[in-house]
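S.K.: 3D, please:
(2 chains)
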Amino acid sequence: MYGSKLVTAIGVHLYYVFVSVGVGFVIAVFLGILLSRIPQYANYILPVISIFQTIPGIVFIGILFLYLGMLPITVITALTIYAIFPVLKNTFVGILEVDASYKEAARGCGMSDLQVLLKIELPLAMPTIFAGLRMATIYTVSWAVLASMIGLGGLGEFIYIGVATNNNRLIIAGAIPAAIMAVCLSYLIDLLQKTITPRGLRKVN
Amino acid sequence: MSVNIVLEHLYIVIAAVAITILIGLPLGILAYFRPSFRKLIFWIVDVLQTIPALALLGIIMVFLGAGKLTVIIGLFLYSLLPIVHNTCLGLTEVDPGVKEAAWGMGMTKFYSLIRVELPLAFPVIFTGIRIASVTAIGVAVFATFVGGGGLGSIIYRGIYIQNMELLLSGTFTLMAMAVFFDTVMAYIEKRLYRRSS
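M.R.: Now for the predicted structure:
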């Protein structure tokens, strides 16, 4: 009975998640690589990232809402900023944790810095980076529910109106698809991670 | 902003984490002893954490109505993963030689668990409790949507009446709380590890 509305809501929700996580991922990996070039400051960089990570997504949505108003770009920008931190932290940590002897061996083979980064550091850091991506995606699905708070649709609209008017059917109509979406996306990322992890790193089960 | 709201937030978090420890610890121990259950238990806690917080709270609200209890139960389900995982991991990592020694001294399985394995696994379990607590502080923001109060209500009101000051004061209090808990518990954790090594 909410059929077509629900499909639209799922579409809007997915759109928010894909755009923000996609843009956030690219920015975060880029920043993470840049930061990993100055490992001597890791002791200062990591706590700062961790503190930013504790900011709830609602705050980004709220602040941007006050500045930009009720626009889809508000939600997307807010969620993008939110999605950056887990990926950034994991990219940074993942690259730093690559064993120095591997890098040395790579340089000994005559690789340039760029080759070391692309062929050694990033592939070895991939499992950690993907763990960050998974976290970012799950949380973004969760916070995108709040897009409805500023009247911008998505599955949150059902939950939000349902909670406000005490309509259980509406709550369920929004909550169940949101839950299924999050679980499916996390499986998709696990699958992606399995195909992208270098063969030598795959765990033998 | 009143102190009451901060206390309300703390109350929700502490109650939820306490319940999580009470139920998560036995679940972790069960997963450790029964590898056949391990996959199922890990799968369930993983799925629970994947469900968007507001969706989870909404579903619980259908059964329990609005209020603090709904939030506490939601946070409890949400916090299970790190505690169950780390309990099982910590127990698995106990040196097999130590376990054998306990067995050789005539300890029963239960006695060895209580006196030897759990104390040795405690630092790892504590890490799980820390992760659960810090995450719960952030997720408790959702409480305001299902009538649970806490700092989320300040942030929400700030957005609603377009008052940046209110919004930021709520946010900074929340961040301070998370950082404070994380720092103090990380300090305790460090001492636990040092003592056990």
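S.K.: Report the contact partners of the residue most central in space within chain A.
M.R.: Among the residues of chain A, the one closest to the centroid is A:Ala136, at 2.5 Å (CA atoms, centre = their mean). Residues counted as contacts of A:Ala136 (CB atoms under 8 Å, 6 or more residues apart in numbering or on different chains) are A:Val21, A:Gly24, A:Phe25, A:Ala28, A:Tyr82, A:Ala83, A:Ile84, A:Phe85, A:Pro86, A:Val87. The way it works is simple: take the backbone N, C-alpha and C, and place the C-beta from them, glycine included.
S.K.: At the geometric centre of chain B, which residue do we find?
M.R.: Central residue of chain B (CA atoms, centre = their mean): B:Ala132, at 2.9 Å.
S.K.: isn't that residue right next to B:Val84, touching?
M.R.: No: applying CB atoms under 8 Å, one finds B:Ala132 not in contact with B:Val84, separated by 9.8 Å.
S.K.: all helices for the chain, in order.
M.R.: Picked chain A for this. Using DSSP state H, the helices of chain A run over residues A:3-36, A:42-53, A:57-68, A:72-96, A:100-108, A:113-115, A:122-144, A:156-165, A:168-196.
S.K.: try chain B instead
M.R.: Going by DSSP H, chain B shows helices at B:3-33, B:35-50, B:53-64, B:68-92, B:96-104, B:109-112, B:118-139, B:151-160, B:164-196.
S.K.: Who are the packing partners of the last one?
M.R.: If contacts are counted by 3 or more CB pairs under 8 Å, 6 or more residues apart in numbering or on different chains; DSSP states H and E, helix B:164-196 sits against helix A:42-53, helix A:57-68, helix B:3-33, helix B:118-139, helix B:151-160.
S.K.: which regions of chain A lie under the pLDDT threshold?
M.R.: Applying pLDDT under 70 to chain A flags the ranges A:1-2, A:202-205.
S.K.: How about the residues of it by chain B?
M.R.: Proximity of chain A to chain B, by CB under 8 Å from any CB of the partner chain, involves residues A:50-51, A:54-56, A:58-59, A:61-63, A:65-66, A:138, A:141-142, A:145-146, A:149-150, A:155-156, A:159-160, A:162-163, A:168, A:171-172, A:174-176, A:178-179, A:182-183, A:186.
S.K.: Try it again at 7 Å.
M.R.: Residues of chain A found near chain B (CB under 7 Å from any CB of the partner chain) are A:51, A:54-56, A:58-59, A:62-63, A:65-66, A:138, A:141-142, A:145, A:156, A:159, A:162-163, A:168, A:171-172, A:174-175, A:178-179, A:182-183, A:186.
S.K.: what's B:Arg130 in contact with, if anything?
M.R.: B:Asp182, B:Met185, B:Ala186, B:Glu189 (CB atoms under 7 Å, 6 or more residues apart in numbering or on different chains).
S.K.: Out of those, the closest to chain A would be?
M.R.: B:Asp182 (7.6 Å; CB to the nearest CB).
S.K.: For A:Leu35, see how far away A:Asp113 is.
M.R.: Between A:Asp113 and A:Leu35 the computed distance is 15 Å (CB to CB, to the nearest Å).
S.K.: which residues are in contact with stretch A:35-55?
M.R.: A:Phe85, A:Pro86, A:Leu88, A:Lys89, A:Phe92, A:Ile95, A:Leu96, B:Gly138, B:Thr171, B:Met175, B:Ala178, B:Val179.
S.K.: for it, the distance to its chain's centre please.
M.R.: Chain-centre distance of stretch A:35-55: 17 Å, with CA atoms, centre = their mean, to the nearest Å.
S.K.: could I have it exported to PDB, CA atoms only?
M.R.: Only the C-alpha atoms of stretch A:35-55 are listed here, as PDB (Å, rounded to 0.1, in the frame of the first residue of the first chain):
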ATOM      1  CA  LEU A  35      49.100  11.800   5.500                       C
ATOM      2  CA  SER A  36      51.000   8.500   5.300                       C
ATOM      3  CA  ARG A  37      53.900  10.400   3.700                       C
ATOM      4  CA  ILE A  38      54.500  12.100   7.100                       C
ATOM      5  CA  PRO A  39      54.400   9.100   9.400                       C
ATOM      6  CA  GLN A  40      56.400  11.000  12.000                       C
ATOM      7  CA  TYR A  41      53.300  13.000  12.900                       C
ATOM      8  CA  ALA A  42      51.100  10.000  13.300                       C
ATOM      9  CA  ASN A  43      50.900  10.500  17.100                       C
ATOM     10  CA  TYR A  44      49.200  13.800  16.500                       C
ATOM     11  CA  ILE A  45      47.200  13.000  13.400                       C
ATOM     12  CA  LEU A  46      45.500   9.800  14.700                       C
ATOM     13  CA  PRO A  47      43.900  11.300  17.900                       C
ATOM     14  CA  VAL A  48      42.600  14.200  15.900                       C
ATOM     15  CA  ILE A  49      40.900  11.900  13.300                       C
ATOM     16  CA  SER A  50      39.500   9.800  16.200                       C
ATOM     17  CA  ILE A  51      38.000  12.800  17.800                       C
ATOM     18  CA  PHE A  52      36.300  13.900  14.600                       C
ATOM     19  CA  GLN A  53      35.000  10.300  14.300                       C
ATOM     20  CA  THR A  54      33.100  10.800  17.500                       C
ATOM     21  CA  ILE A  55      31.000  13.600  16.000                       C
END
